[in-house]
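> heads up, no residue letters with this:
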């Protein structure tokens, strides 16, 4: 199978340019730790760092470092309750793909 462009497969034609730009940036770390985290969130839904540790094989420390980068790129966000509080599981914030 031909290798698809990560930006093409992770954004829609109707997405705003900022989302497309974020998807292009994501291609740079598709196979890196950040890419593994992003794909786990996209494929499995919201998860804490401890859950991601089990699904990605990365340590919580590695995940915590990469989630900050992914958040700055606008690719993931912390899950919030209706009153705006961060959702916490297993003592860790819960993340979702955006």
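Thanks, I have it. Computed from a predicted model, the values in this text were never measured in an experiment.
> backbone phi and psi for residue 79, please?
phi -70, psi 130 (degrees, to the nearest 10).
> Contacts only, for it.
46, 86, 87, 93, 94, 95, 96 (Cβ atoms under 8 Å, 6 or more residues apart in numbering). Every residue, glycine included, has its C-beta placed from N, CA and C.
> rerun that using 10 Å as the cut-off
By Cβ atoms under 10 Å, 6 or more residues apart in numbering, residue 79 lies in contact with 45, 46, 47, 48, 86, 87, 88, 89, 93, 94, 95, 96.
> Give me the secondary structure label for the last one.
On the three-state scheme (DSSP: H, G, I helix; E, B strand; the rest coil), residue 96 is labelled strand.
> beta partners for it?
Note on residue 96: beta-bridge partners residue 77, judged by DSSP bridges.
> Use 27 as the first number for this chain going forward.
Sure thing, new numbering starts at 27, so read that last one as residue 122.
> Chain neighbours aside, what residue packs nearest to residue 60?
Spatial nearest neighbour of residue 60, excluding adjacent residues (Cβ to Cβ, 6 or more residues apart in numbering): residue 92 at 4.3 Å.
> Dihedrals phi and psi, that neighbour?
Main-chain torsions, residue 92, degrees, to the nearest 10: phi -80, psi -30.
> Break down the protein into its helices, ranges please.
In the chain, the helices defined using DSSP state H lie at 32-35, 43-52, 59-70, 75-82, 86-98.
> quick one: average pLDDT of the third one?
Going back to what we said before, that points to helix 59-70. Helix 59-70 shows a mean pLDDT of 94.
> Output the below-cut-off pLDDT ranges for the chain.
Residue ranges of the chain with pLDDT under 70: 27-39, 48-57.
> that older thread, narrow the contacts of residue 105 to just the buried residues.
Neighbour counting over the contacts of residue 105 (16 or more other Cβ atoms under 10 Å) leaves 72, 73, 74, 120, 121 as the buried ones.
> roughly how far apart are the most centrally placed residue in the chain and residue 87?
With distances taken as Cα atoms, centre = their mean, residue 64 lies nearest the centre of the chain, 3.1 Å away. Distance, residue 64 to residue 87, by Cβ to Cβ, to the nearest Å: 18 Å.
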